[in-house]
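# Whatever this is, show me its structure:
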Amino acid sequence: MMTKTRYVLCALIIAAGILCCGCTTTTPASTAETRTITDMAGNQITLPASGATFGIFGGPISQVPYLLGANESVTAVTKGPQMMEMMQQMDPGIASKPAPRTTNGNVNIEQLLVTNPDCVIAFDVDGEIVESQTGIPVIYLSGTMSDGFKEMRQEIIFMGEVFQRPERAQAYIDYLDETLAFLENRTADIPEDERVTVFLGEGVSHLQTLGGDTFFTEWTEAAGCRNAVAAIETTQGQQEGMHTGINEVSMEQVLAVDPGLIIIDTGGPADLAKDNRWKELTAVKEGRVYKQPTGLFLWSRPSAESAVLYPVWIAYMAYPDRFADVPLTDRVKDFYTEIFDFPITDAQAQKVIDGAYGSVTFGQVQQSG
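Model (predicted):
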């Protein structure tokens, strides 16, 4: 028969055991929770189940966390987007964030380590630098200047998984698809031989362009137009000092295609009208030379922003009569409000359309970095 003293001692031991079991099953389990991401290169990366922080290395991809409503988790950014005027208006705090990545292959490792992100999201060159010099995991993206709408959808869906915002990613996909359907409906009946040919001429010479093997061809086709240099490949044989995918063609090649619409990023339309090399072109004679729009980032890059707005803008410039019932400023305002939760004014929308927002060059980024 158990004595009263032994009974009390046993009860205390049992109670202590119960309390101890409670400590070991809750606290360690809650701190050890993780999730695994398979990146676009097939690698598996382990992240905290929630609250992960990220470094974002790349110009166009930098806008995606905003699109997903998850930018608070980004601790390290890329210099180019940080310098964009409209980006600073949308997020005044971006100017104070560390920007260890300037241009492709230029990463300040010391500055990155100070930000201490759980991982870095990057493309191959930047990602390999981070992996080789730090212990920070890298989520690799897969993308080139040849990527079109299909690849854009894949990238946004993937980023929605990384940032745990799949519903915001799908909202963007739906908006993109609705926009493309809108443009198709307005331009489908234009005969192939009557579709406006569009030439993108960047740089001081206006001869740096995106050829038929780049996203720009798909963007122009979505607008019911044709890339004037679709027969030329510009992603091959990269020319020194130029961004991948952009190469310089000759004036003779431009004269041969005689584009109906020209987009420039340097100078103004009047400059071409005064130039003996350009003034005989159809686009110049008809006053259809336009400054390239600029928003959160350069539109001459495949981004979530340019995938929606660049085809719309091109279509409006090429076929104004077909879109007279829907002001372009309204479409631009709707996009930034619906996708980025960034309401803008008519004046801001017009600045985007006119290419009047401040832009940056690679030289500026490198100097500032």
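# Let me know the pLDDT of residue 105.
pLDDT, residue 105: 91.
# Next up, the contacts around residue 246.
With contacts defined as CB atoms under 8 Å, 6 or more residues apart in numbering, residue 246 is in contact with 145, 202, 208, 209, 210, 234, 300. Heads up, the C-betas are built off the backbone N, CA and C, glycines and all.
# How about the third one: which residues does it bridge to?
Meaning residue 208. Counting by DSSP bridges, residue 208 forms beta bridges with residue 202, residue 248.
# is it true that it touches residue 245?
No. Residue 208 is not in contact with residue 245 according to CB atoms under 8 Å; the separation is 10.4 Å.
# List the contacts of the nearest residue to residue 60 once chain neighbours are set aside.
Among residues not flanking residue 60 along the chain, residue 303 sits closest, at 3.4 Å (CB to CB, 6 or more residues apart in numbering). Residue 303 sits next to 59, 60, 61, 63, 296, 297 when contact means CB under 8 Å, 6+ apart.
# Between which two of those is the distance greatest?
Farthest-apart pair in these is 61 and 296; separation 11.6 Å (CB to CB).
# out of the two, which sits in the more crowded spot?
Shown here are residue 61 and residue 296; by other CB atoms under 10 Å, residue 296 has more neighbours (30 against 23).
# where does the more buried one fall, phi/psi-wise?
Dihedral angles of residue 296 (phi, psi; degrees, to the nearest 10) stand at phi -70, psi -30.
# residues contacting it?
Contacts of residue 296 (CB under 8 Å, 6+ apart): 63, 66, 81, 84, 86, 87, 90, 303, 305, 340.
# I'd like those residues written out as CSV, with pLDDT and distance to residue 276 added.
Converted to CSV, the contacts of residue 296 look like this (pLDDT from 0 to 100; distance: CB to CB, whole Å):
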residue, pLDDT, distance to residue 276
63, 97, 40
66, 98, 45
81, 93, 38
84, 94, 35
86, 97, 36
87, 96, 39
90, 98, 42
303, 96, 36
305, 98, 36
340, 98, 44
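# Any chance of the residues you listed in CSV with distance to residue 320 as columns?
Formatted as CSV, the contacts of residue 296 follow (distance: CB to CB, whole Å):
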residue, distance to residue 320
63, 28
66, 31
81, 31
84, 28
86, 24
87, 29
90, 29
303, 25
305, 22
340, 26
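# which one of those residues sits closest to residue 115?
residue 81 (15.9 Å).
# what's the helix or strand for that closest one?
Using DSSP states H and E, residue 81 sits in helix 79-83.
# helices or strands up against that helix?
Applying 3 or more CB pairs under 8 Å, 6 or more residues apart in numbering; DSSP states H and E, we find helix 79-83 packed against helix 362-368.
# how does it look with 10 Å?
With contacts defined as 3 or more CB pairs under 10 Å, 6 or more residues apart in numbering; DSSP states H and E, the packing partners of helix 79-83 are helix 85-90, helix 362-368.
# Show the subsequent helix or strand relative to the shortest one.
Scanning forward in sequence from helix 85-90, with DSSP H and E defining helices and strands, the next element found is helix 109-115.
# okay, and the common contacts of residue 208 and residue 245?
234, 300 (CB atoms under 10 Å, 6 or more residues apart in numbering).
# Report whether residue 120 is found in a strand, as I expect.
Yes. Under DSSP: H, G, I helix; E, B strand; the rest coil, residue 120 sits within a strand.
# and the closest residue to it other than its chain neighbours, how many residues sit next to it?
Distances taken as CB to CB, 6+ apart put residue 55 closest to residue 120, at 4.1 Å, once the chain neighbours are dropped. For residue 55, the count of nearby residues is 28 (other CB under 10 Å).
# Equivalent analysis for residue 172, please.
With other CB under 10 Å as criterion, residue 172 counts 24.
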